[in-house]
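Visitor: Pasted the sequence and its predicted model underneath.
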Amino acid sequence: MLHLIIVKTMLLNVFPTKVKCGVIEPSESDLEASLSILNEYWEHSSRADYGLETGWSTGSQRGGKELFDHVELDWLTHPIMEAAADYWRYDLNYRRDWHIYMDSMWANKHLEGDTTGPHCHMSGGRSKSHVSIVYYLKKSEHAGNLEFKNPLEQIVRMCPLNEDYDDWARDTAHHQGISYDWQEVDAKSYDYIIFPSWLKHRTQPSKGDRIAISINVAGCPVDPAEGDFD
């Protein structure tokens, strides 16, 4: 008598990093006013004069990291803070009794081939950021995407990986197709991506014009003298 053996398998993605995406579309007048403000900053900046940027950035200019002070950008700052607050409380399960505020906001302009190098927005005492956001004010579908570095990459590299999964030639191909090194997030104009500030990221080389607005959101106890901070 034959016995049928049924084997069921399941693959679980344990402890994934939560990254949230959404869309905020400006009106024509909001877009025009926003571009006018950003262009004024960029006219006084130079290529590669801010951080790991090869293009132009408002971050190098006085007030260029406080773009939230411009009321013309309220169409973006108000809804993006609501999205960041939801992400903070319900997706990351961060302290709900903390005051959440926008710590910095700047914009980068990339032309053909421009990139933002690998970095994160949380570096010990050098940063107050806990949640970060990238908003694409201008980006075609194939203009080059944001990539996140696998936080477990150092551990995965210690494993006996098969050659087709661990192709050392990735260093000459901008890490394309290597699933444990970097993962890209596809986006287009008016899309935003919210992620934990500790998560390292970079951009693929731009294949056209690309304007990205970066935002850091931080939190602190409403009253530092009260509460349990263990």
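Guide: Sure thing, it's come through.
Visitor: Using CSV, write out the CA atom coordinates for the one helix or strand in the chain whose mean pLDDT sits lowest.
Guide: The weakest-scoring helix or strand in the chain, judged by mean pLDDT, DSSP states H and E, is helix 153-156 (a mean of 84). The C-alpha trace of helix 153-156 is given here as CSV (Å, rounded to 0.1, in the frame of the first residue of the first chain):
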residue,chain,number,x,y,z
GLU,A,153,25.1,42.5,4.3
GLN,A,154,28.2,42.0,6.5
ILE,A,155,26.7,38.8,7.9
VAL,A,156,25.4,37.5,4.6
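Visitor: Using the three-state scheme, assign E40.
Guide: Put simply, E40 is helix when judged by DSSP: H, G, I helix; E, B strand; the rest coil.
Visitor: okay, now it: neighbour count?
Guide: 11 (other Cβ atoms under 10 Å). The C-beta positions use only the backbone N, C-alpha and C, and glycine is treated the same way.
Visitor: Repeat that for A85.
Guide: The number of residues packed near A85 is 16, by other Cβ under 10 Å.
Visitor: tell me the SS of the residue lying closest to it once chain neighbours are set aside?
Guide: Excluding the flanking residues, the one nearest A85 by Cβ to Cβ, 6 or more residues apart in numbering is I100, at 5.5 Å. Put simply, I100 is strand when judged by three-state DSSP.
Visitor: quick one, what contacts I100?
Guide: Counting by Cβ atoms under 8 Å, 6 or more residues apart in numbering, I100 makes contact with 81, 84-85, 88, 217-219.
Visitor: Swap in 7 Å and give it another go.
Guide: By Cβ atoms under 7 Å, 6 or more residues apart in numbering, I100 lies in contact with 85, 88, 217, 219.
Visitor: Now do the strands in this structure.
Guide: Using DSSP state E, the strands of the chain run over 20-23, 56-57, 98-110, 131-139, 146-149, 182-185, 191-196, 201-203, 210-221.
Visitor: Lowest average pLDDT across these?
Guide: Lowest mean pLDDT of these: strand 182-185, a mean of 88.
Visitor: And the helices in this structure, which stretches?
Guide: Counting by DSSP state H, the chain has helices at residues 28-43, 74-86, 153-156.
Visitor: got CSV for those helices, with distance to H201 too?
Guide: Listed next are the helices of the chain as CSV, based on distance: least, Cβ to Cβ, whole Å:
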stretch, distance to H201
helix 28-43, 21
helix 74-86, 16
helix 153-156, 13
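Visitor: Of all those helices, which one is nearest W198?
Guide: Closest approach to W198 among the helices of the chain (Cβ to Cβ): helix 153-156, 14.0 Å.
Visitor: by contact count, what packs against the closest one?
Guide: Where contact means 3 or more Cβ pairs under 7 Å, 6 or more residues apart in numbering; DSSP states H and E, helix 153-156 is not packed against any helix or strand.
Visitor: Quick check: buried residues in it?
Guide: Using 16 or more other Cβ atoms under 10 Å as the test for burial, helix 153-156 gives no buried residues.
Visitor: In space, what's closest to S57 - neighbours in sequence excluded?
Guide: Take S57 and drop its neighbours on the chain: the residue closest to it by Cβ to Cβ, 6+ apart is Y50, 3.8 Å away.
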